[in-house]
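Chemist: Model the structure of this input:
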Amino acid sequence: MAMEHLAPALTRLLGGRAESRGRPQGSSRRPSSTVSSPLVRVLEVPVACGHPPVQRALFCRPRPPGPARPDARSRIVPVAHAAPVTGIHQKSLMHTSAVVRDAPQVPDFSKYEAKDPSTNRGLAYLMIGSLGLLSASAAKSTVTEFLATMSASADVLAMAKVELELSSIPEGKNVIIKWRGKPVFIRHRTQSEIEEARSTDWKSLRDPESDEARTKKPEWLVMLGVCTHLGCVPIGEAGDYGGWFCPCHGSHYDISGRIRKGPAPLNLEVPQYDINEVDNKMVIG
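Modeler: As a prediction, this is how the structure comes out:
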């Protein structure tokens, strides 16, 4: 739109130039009724440049400073609306973006491909199977080492079972051994003690349990020497019932280790044990 408005104004100005050529040099110039506006230098460019007068005024390169050439005459004329002259001739384009390829040309790798597809399949199966085998071995090793840290130590395993010669314990005597950090009472009972233990009405006791259920052989009584009240160690062959007595809080146990009097709620615990009659040995644990 700016070019269309400038075209009539420049045409009139250029037409008035031709009229002023016949005037004498001293004649006064008719004042122009054009409003004050920016000045541009309009050059007479040969028609060979191919630009219309308006584009020639706005885009053609001006004459460099110096003495005027006979074939290039110029004068200053006012223009109502004109863009500043930059001195650089530029051609208007739709856009200046260069064509960029999305990806470079991919080389041909066909000569590296396998001739038989089954070869690649077999290699893939081999790699997958090998990786699975290695993963399984690593997982097994990790789990085994983790479980080994949770197992009992060597000293605990050594104390897991205790073997005792029964012939070393005389009849009517007690033996105290250590098993898993706890005292174990082993008594070789007499026949009178066996009859006394089995003649008691065990159903009326605080923790009812028969003597037959507490012993594997009547003459051998095996118990943990820990009071069921607060974990003290009772004294053997003491108390009101001829068995064991806890001096801490006054718990009384009979000759079968059953609670008969005092604050203890349960009988003395019987651990797991076996008697080897052939070797006459007892194995606790």
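
Chemist: how about the strands in the stretch 101-250 of the chain?
Modeler: 162-165, 174-179, 182-188, 220-224, 235-236, 244-246 (DSSP state E, counting those that start in this stretch).

Chemist: Low-confidence stretches in the stretch 1-150 of the chain?
Modeler: In the predicted model of the stretch 1-150 of the chain, residues 1-104, 114, 119 satisfy pLDDT under 70.

Chemist: Give me the nearest residue to residue 184, chain neighbours excluded.
Modeler: The shortest distance from residue 184 to any non-neighbouring residue, by CB to CB, 6 or more residues apart in numbering, is to residue 177 (5.1 Å). Placement of C-beta: from N, CA and C, glycine included.

Chemist: Just give me the neighbour total for that neighbour.
Modeler: The burial count assigned to residue 177 is 15, neighbours taken as other CB atoms under 10 Å.

Chemist: is it true that it touches residue 165?
Modeler: No. No contact is recorded between residue 177 and residue 165 when judged using CB atoms under 8 Å, the distance being 11.3 Å.

Chemist: so which of the strands of the stretch 101-250 of the chain comes closest to residue 257?
Modeler: Closest approach to residue 257 among these is made by strand 220-224 (4.5 Å; CB to CB).

Chemist: Report the mean confidence score over that closest one.
Modeler: When pLDDT is averaged along strand 220-224, the result is 93.

Chemist: tell me the angle of that strand relative to strand 182-188?
Modeler: Angle between the axes of strand 220-224 and strand 182-188 is 160 degrees (criterion: axes from the mean of the first three to the mean of the last three CA atoms, to 10 degrees).

Chemist: and strand 220-224, what other elements does it pack with?
Modeler: On a contact count with 3 or more CB pairs under 8 Å, 6 or more residues apart in numbering; DSSP states H and E, strand 220-224 meets strand 182-188, strand 281-284.

Chemist: Can I get these in TSV including distance to residue 258 and mean neighbour count?
Modeler: Shown next, in TSV, are the helices and strands packed on strand 220-224 (distance: least, CB to CB, whole Å; neighbours: other CB atoms under 10 Å):
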stretch	distance to residue 258	mean neighbour count
strand 182-188	13	19
strand 281-284	20	17
